[in-house]
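J.: Below: sequence and its predicted model.
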Amino acid sequence: MERTFAMIKPDGVRRGLTPEILARIQKKGYRVVGLKQMVISRQTAESHYGEHRERPFFGELVEFITGGPVVAIALEGEQVISGWRAMMGATNPANAAPGTIRADFATTTGENVTHGSDSPESAERELGLFFGNDELLS
Ligand code: RTP
Ligand code: MG
């Protein structure tokens, strides 16, 4: 059984997509073991997206992700790391397969509605960044 860090980004929350996305997660059969709405601090955002620090879009990405409430979600399930990324679809919604969240709800790479950890190492790091142990179901 794996765990991953999922997030509904500020665009998704602002557009009222939270219930729809949580419904997809529950219908898929993943277990929500942590859930909170929050505004991400600049420090947390820069740490979360640290791997992109040198990329030209980094400043914009941090502005965007700190620009409104997000929903932070800890998910548990069989192969949930790759499975949740498959549900999200490709980073650029134009390349996302039909039926994925990004294909169905987004038009631009910069505002693509959801996040998902990309490896077991990222999942552990990101879950630790966003949730205390007392905020996660055992
Ligand atoms: P995420 O980390 O948000 O789940 O997305 P991802 O793995 O599919 O994509 P990643 O390469 O990690 O990029 C992180 C986020 O940065 C923004 N981005 N903008 N303008 C651009 O070329 C560009 N490239 C990436 C996107 O919001 C992407 O989700
Ligand atoms: Mg990523």
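T.: Received the coordinates, thanks. Numbers count the residues shown, from 1 in each chain. Ligands and ions are numbered 1, 2, ... in the order given.
J.: and whichever strand or helix holds residue 3, what does it pack onto?
T.: For residue 3, the host element (DSSP states H and E) is strand 2-8. Judged by 3 or more C-beta pairs under 8 Å, 6 or more residues apart in numbering; DSSP states H and E, the packing partners of strand 2-8 are helix 18-28, strand 70-77, helix 80-88, strand 114-116, helix 120-130. All C-beta atoms are positioned from the backbone trio N, CA, C, and that covers glycine.
J.: so which of those is the most packed in?
T.: strand 114-116 (a mean of 24; mean count of other C-beta atoms under 10 Å).
J.: contacts for that one?
T.: 4-9, 12, 21, 81, 84-85, 88, 101-102 (C-beta atoms under 8 Å, 6 or more residues apart in numbering).
J.: touching ligand 1 at all, it?
T.: Yes: legend: contact between strand 114-116 and ligand 1 by C-beta under 6 Å from any ligand atom is shown at 115-116.
J.: Go ahead and confirm residue 119 touches residue 81.
T.: Yes: between residue 119 and residue 81 there is a contact under C-beta atoms under 8 Å: 6.9 Å.
J.: Make a markdown table from the helices and strands packed on strand 2-8 and add mean pLDDT and distance to residue 35 to it.
T.: Below are the helices and strands packed on strand 2-8 laid out as a markdown table (pLDDT from 0 to 100; distance: least, C-beta to C-beta, whole Å):
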| stretch | mean pLDDT | distance to residue 35 |
| --- | --- | --- |
| helix 18-28 | 98 | 8 |
| strand 70-77 | 98 | 5 |
| helix 80-88 | 98 | 14 |
| strand 114-116 | 98 | 14 |
| helix 120-130 | 98 | 11 |
